[in-house]
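Colleague: Provided below are the primary sequence and the corresponding predicted coordinates.
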Amino acid sequence: MDSARLVYMANQIARNFAAQGEDAAIAATAQHIRDFWDPRMKAAILAADLSGLEPIARIALAQLKT
Amino acid sequence: MGYERQADFGTPAVQSDEAVTLRIDGRDVTVPAGTSVMRAAAECGGSIPSLCATDSVKAFGSCRMCLVEIEGRRGTPASCTTPVEPGMVVQTQTPLLQKLRKGVMELYISDHPLDCLTCSANNDCELQDTAAEVGLRDVRYGYAGENHLGLEADTSNPYFDFDPSKCIACSRCVRACDEVQGTLALAMDGRGFASTISAGQAGDDFLSSECVSCGACVQACPTATLQEKAVKEIGKPERAVITTCAYCGVGCTFRAEMRGEQLVRMVPWKDGKANRGHSCVKGRFAWGYANHQDRITEPMIRDSIEDPWRVVSWDEAFAHTASRLNAIKAEYGARALGGITSSRCTNEETFLVQKLVRAGFGSNNVDTCARVCHSPTGYGLKTTFGTSAGTQDFDSVMDSDVILVIGANPTDAHPVFASRMKRRLRQGAKLIVIDPRRIDLVRSPHVQAAHHLPLQPGTNVAVLTAMAHVIVTEGLADEVFIRERCDWDEYQDWARFVSDQKHSPEVLEAVTRVPAAELRGAARLFATGGNGAIYYGLGVTEHSQGSSTVMAIANLAMVTGNIGRRGVGVNPLRGQNNVQGACDMGSFPHELSGYRHISDTATRGLFEQDWGVTLDAEPGLRIPNMLDAALDGSFRAIYVQGEDILQSDPNTHHVAAGLKAMDLVIVHDLFLNETANYAHVFLPGSTFLEKNGTFTNAERRIQLVRKVMEPANGLEDWQVTQELACAMGLDWNYQHPSEIMDEIARLTPTFAGVSFERLDREGSLQWPVNDRAPDGSPIMHVDGFVRGKGKFVVTDYVPTDERTGPRFPLLLTTGRILSQYNVGAQTRRTANTVWHDEDLLEIHPTDAENRGLKTGDWVRLASRTGETTLRAEVTERVAPGVVYTTFHHPATQANVVTTEFSDWATNCPEYKVTAVQVTPSNGPTEWQESYASWSEKSRRIAAEPAE
């Protein structure tokens, strides 16, 4: 999977949850990816260079790893 | 059933709590107060002759045939315009009445050609019937005087003729156009003897007039004056079958009127609860594609997309396809396979395709074309209300006081419902339109929007948040409703958010380009105008914030208390006939039927037990993700039923690359569509006329689709999927789609009470149908939201990443028009092309002048993704800076230009916002020429080997 596209998608999700406050946005972003992304997409983004991720998305993905 | 005309009660039904009993011809009859004597007589089995009365339009009282005698009253009043009264005693058949009626009839016949034996309406003509009913035996007046018999017929419309020589000037057509359709295209021109029906302005014929060819006039005509060409060509139907239209999400029911195996005409069914006896040009007339020469009726396979197709037997097709699927699964794993269900197919077919993917392929890589239209509706309404569907039935609009239409163009895309909406607007309901284009509803005969907010494309959330700001900060919120029905804490958080000054109309005007005062006026009207109903379409969903906009709409309905009763609600207007059903049936990769997440162990367990397989607990790929995964080699095979993703999905180049990268593309369709250019297996499909099943319309109404003729390919679509499943080793043995529905009902709580037997008996059911709602649910969330408390969701405006700039200064938005449907696969193969035979680019006069363009010029439409050419139409319907086109024609391929930006929550493509440049052009682009050449090559079918 194109990791740049996945990073873009994760950031877009996080940006739309951001107005709910940081903690809620992190949890919602993680849950959204858990609920709607295919396993290969999750695996691909977790293995990718995450420097392009915005803070909420980065923390959310860290939660997904655990 | 055999053929008989639909019952006609003469005047419309009346709703009243008060009952009136009267005596007609010695029989007591009780009817609602306000009912006409004519209707009361018809309801007790009587028959009063009439010519100008029909129960789809108001009484007119002009023909003088329906005269009656009423005890204690002088004269012989017209029964159609006389309301019933308690104790009234009516005689409908007396010597005096017979004499009067015969005299009137004689006058009608004296100016009517007596060519009954050769007339196309012979034996199906109300004038003929009435003449017989009154006992007319001779006519004293000859044809020597002035008459209308020599008037020339207007044959300009492709589907029906207008023969004024047979017209009796009853005005039923004019009134049907006014009252039923609401277009007001017809008028009675002239007075007295000179009275003639006129379409449009002087000099117009039916084709050039504003007539939208809905057929209401044809249906209302009591003679052969307005009649379908098909009846003239084929003859009178001999049987009729009730079935459901396969075009838009309104779900009109029709009588398919047949002669043998030949369809003569589709006549809207008066008892249809979605359409109430009305139709549009597509459903009523545009069914000729079913017999079009392009139709493929035999299976075909090929090893490479460079090869010509090879016609094979069904057995060979199933064996070959199953073998290839099993081989790919063995080599690359189950997650390398997937499928796409179709919103044009039945619930049963859709359910089987997703079952094949989950239980046969072994993955959850199933998606549906709702991905590219209403997937944000599913997400947004489930999040806020708890269920992924609209809240009302269509009849509800007749109780609305304020109607807000956002991102929808009902007169073009949902015309039959639009007629109902316009009727309510003519009665005085107020209209708010939020749309970048000045759609017809903004101003049309007897309809004018109180507010039109012509927002900048991509700013829906900002506009709705600004409306919420006005409502909350001006104290217009319905706090009683909110405290009782919604989560109060979440409301307070949301109210704080929208109250921020940065969300005021004045601040956001710079972004939305909507004048703040106009927006404030619209917000106040919606909050204070009485029952407020919101109708929306793809102008809401097909954005990078499609899901946010749906939730903002839900917020607006909740904050004003407009949920849970008639006249209010949130109403997604579904594009295709079975979008709602396809979503209900578990077509999305993350959920099983009834919108239950695949990760839910208990739900998954139900299906595993019923199907005898273990299901993958992880969500599968969405359509755009499938294409991405194909390019990285992890997705290798796809089964596409009734969908043309190459033409309908964004960024055509990317779709083509994804399809080309796959080892096996199976297309199951009526025609060799654009996707089939990249396919290795073609399984011929059956039309809605050739199959049994159900469709679910936009109001959650489940209706039967009944087979009226045998499938041209020999198999209904559900049978094709079943045979493929069996060839892969699955043990499926459905004998009839009703058995599939039984399985759906067994596994889906919202469908628990649905069966074919019940649908056949009751006509339709609106889900949920279960123990809590045994007769279905016309209105949702009546006593509480499905999720418990309504959830206010903070929806911040996040601008799209698609930006205009010096290279691409204009915003393109796409949509569809009345006469064409989606990718045009059906409507392009009908006479509807007379109205629209190519996609056009609408451009504002200012933008056109800056580029030296005029209407009819070829223009190059270019974006960061691609370019195409088409002709320009200069119009003020679009705002400066905005251009618009349709995507009905593969020669244009509008989606070459659209981008892969998509909704953040669902990946629904952002079709409505593409930055483009428009420049003069002198012909097709290089890509258009190369694609046309490729397409022709790919569609070759090898000649059968000589015996």
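Modeller: Cool, got the structure.
Colleague: number of nearby residues for the residue in chain A that chain B sits nearest to?
Modeller: With CB to the nearest CB as the measure, A:Ala19 is the residue of chain A nearest to chain B, at 3.6 Å. C-beta here means a position set from N, CA and C on the backbone, and glycine is covered the same way. Counted with other CB atoms under 10 Å in any protein chain shown, the neighbours of A:Ala19 add up to 18.
Colleague: Setting the sequence-adjacent residues aside, check what's closest to it.
Modeller: Closest residue in space to A:Ala19, ignoring its immediate chain neighbours: B:Asp796 at 3.6 Å, by CB to CB, 6 or more residues apart in numbering or on different chains.
Colleague: Isn't that neighbour up against A:Gly21?
Modeller: No - contact criterion CB atoms under 8 Å: B:Asp796 and A:Gly21 do not qualify, at 11.3 Å.
Colleague: Just want to know which of the two has more residues nearby.
Modeller: Neighbour count, other CB under 10 Å: between B:Asp796 and A:Gly21, B:Asp796 has more, with 17 against 12.
Colleague: List the contacts of the more buried one.
Modeller: If you count contacts by CB atoms under 8 Å, 6 or more residues apart in numbering or on different chains, B:Asp796 has them with A:Asn16, A:Ala18, A:Ala19, B:Val461, B:Thr465, B:Phe497, B:Ser548.
Colleague: try it again with 10 Å
Modeller: A:15-20, B:461-462, B:465, B:497, B:503, B:545, B:548 (CB atoms under 10 Å, 6 or more residues apart in numbering or on different chains).
Colleague: Low-confidence ranges, chain A, go.
Modeller: Of all residues in chain A, none has pLDDT under 70.
Colleague: Output the set of residues of it in proximity to chain B.
Modeller: A:1-2, A:5-6, A:8-21, A:24, A:32, A:34-42, A:44 (CB under 10 Å from any CB of the partner chain).
Colleague: buried subset of the residues you listed?
Modeller: Buried members of the residues of chain A next to chain B, counted by 16 or more other CB atoms under 10 Å in any protein chain shown: A:1, A:5-6, A:8-20, A:32, A:36-38, A:40-42, A:44.
Colleague: In helices only, show me the residues you listed.
Modeller: A:5-6, A:8-17, A:32, A:36, A:40-42, A:44 (DSSP state H).
Colleague: Mind listing what's buried along whatever helix or strand B:Arg483 lives in?
Modeller: Element membership of B:Arg483 [criterion: DSSP states H and E] is helix B:479-485. For helix B:479-485, the neighbour count (16+ other CB under 10 Å) marks B:Phe481, B:Ile482, B:Arg485 as buried.
Colleague: Closest one to chain A out of those residues, please.
Modeller: Nearest to chain A among the buried residues of helix B:479-485, with distances taken as CB to the nearest CB, is B:Ile482, at 19.0 Å.
Colleague: returning to what we had before: any chance of the buried residues of helix B:479-485 in CSV, plus distance to chain A?
Modeller: Shown next, in CSV, are these (distance: CB to the nearest CB, whole Å):
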residue, distance to chain A
B:Phe481, 23
B:Ile482, 19
B:Arg485, 21
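Colleague: can you tell me which helix or strand B:Gln98 belongs to?
Modeller: According to DSSP H and E, B:Gln98 maps onto helix B:95-109.
Colleague: packing partners for the next helix or strand after that helix?
Modeller: For helix B:95-109, the following helix or strand on the C-terminal side (DSSP H and E) is helix B:126-133. With contacts taken as 3 or more CB pairs under 10 Å, 6 or more residues apart in numbering or on different chains; DSSP states H and E, helix B:126-133 sits against helix B:95-109.
Colleague: The residue nearest to B:Phe481 when sequence neighbours are not counted: neighbour count?
Modeller: Nearest residue to B:Phe481 in three dimensions, chain neighbours excluded: B:Gly561, at 3.4 Å (CB to CB, 6+ apart). By other CB under 10 Å, 21 other residues sit near B:Gly561.
Colleague: What pLDDT does the model give B:Gly561?
Modeller: We have a pLDDT of 98 for B:Gly561.
Colleague: check contacts around it.
Modeller: B:477-482, B:484-486, B:527, B:531-532, B:568.
Colleague: Same question for B:Ile941.
Modeller: B:Ile296, B:Glu298, B:Met300, B:Arg302, B:Pro308, B:Trp309, B:Arg310, B:Val311, B:Leu672, B:Phe682.
Colleague: Relative to chain A, how far out is the second one?
Modeller: The reference is to B:Glu298. Computed as CB to the nearest CB, to the nearest Å, the B:Glu298 to chain A distance reads 36 Å.
Colleague: same question, the fourth one
Modeller: Summarising the geometry, the distance separating B:Arg302 from chain A, computed by CB to the nearest CB, is 29 Å.
Colleague: isn't that residue right up against B:Arg310?
Modeller: Yes - at 5.9 Å, B:Arg302 and B:Arg310 qualify as touching, with contact defined as CB atoms under 10 Å.
Colleague: The two - which one has more neighbours?
Modeller: In this view B:Arg302 and B:Arg310 are compared by other CB under 10 Å, and B:Arg302 has more residues nearby, 19 against 15.
Colleague: List the contacts of the nearest residue to the more buried one once chain neighbours are set aside.
Modeller: Spatial nearest neighbour of B:Arg302, chain neighbours left out: B:Trp309 (5.4 Å); criterion: CB to CB, 6+ apart. By CB under 10 Å, 6+ apart, the contact list for B:Trp309 reads B:296, B:298-302, B:672, B:676, B:679-682, B:938-942.
Colleague: Narrow those to those in strands?
Modeller: B:Met300, B:Ile301, B:Val681, B:Phe682 (DSSP state E).
Colleague: so how many other residues sit close to the residue in the stretch 151-300 of chain B positioned nearest to chain A?
Modeller: Residue nearest to chain A within the stretch 151-300 of chain B: B:Gly249 (24.4 Å; CB to the nearest CB). The tally of other residues near B:Gly249 (other CB under 10 Å) stands at 28.
Colleague: any idea whether B:Tyr141 is helix, strand or coil?
Modeller: Recorded secondary structure, B:Tyr141: coil (DSSP: H, G, I helix; E, B strand; the rest coil).
Colleague: If I look at the residue of chain B found nearest chain A, what pLDDT would I see?
Modeller: Residue nearest to chain A within chain B: B:Asp796 (3.6 Å; CB to the nearest CB). We have a pLDDT of 96 for B:Asp796.
Colleague: Surely it forms part of a strand?
Modeller: No - according to three-state DSSP, B:Asp796 belongs to no strand; its state is coil.
Colleague: How much space separates it from B:Gln201?
Modeller: In this view, B:Asp796 and B:Gln201 are 50 Å apart by CB to CB, to the nearest Å.
Colleague: Tell me the helix or strand right after the helix or strand encompassing B:Tyr379.
Modeller: Under the criterion of DSSP H and E, B:Tyr379 resides in helix B:375-384. The helix or strand immediately downstream of helix B:375-384 is strand B:402-406, counting by DSSP H and E.
Colleague: distance between that next one and the chain's centre?
Modeller: Relative to its chain's centre, strand B:402-406 lies at 18 Å (CA atoms, centre = their mean, to the nearest Å).
Colleague: After it, which helix or strand is next?
Modeller: helix B:410-413.
Colleague: what packs against that following helix?
Modeller: Judged by 3+ CB pairs under 10 Å, 6+ apart, helix B:410-413 is in contact with helix B:415-426.
Colleague: any idea of the mean pLDDT in the helix it packs on?
Modeller: On average, helix B:415-426 scores 97.
Colleague: What residues of it count as buried?
Modeller: Neighbour-count burial for helix B:415-426 flags B:Pro415, B:Val416, B:Phe417, B:Ala418, B:Ser419, B:Arg420, B:Met421, B:Lys422, B:Arg423, B:Arg424, B:Leu425 (criterion: 16+ other CB under 10 Å).
Colleague: So which elements touch that helix?
Modeller: Packing contacts for helix B:415-426, counted by 3+ CB pairs under 10 Å, 6+ apart, involve helix B:281-285, strand B:402-406, helix B:410-413, strand B:430-434, strand B:443-444, strand B:447-448, strand B:532-536.
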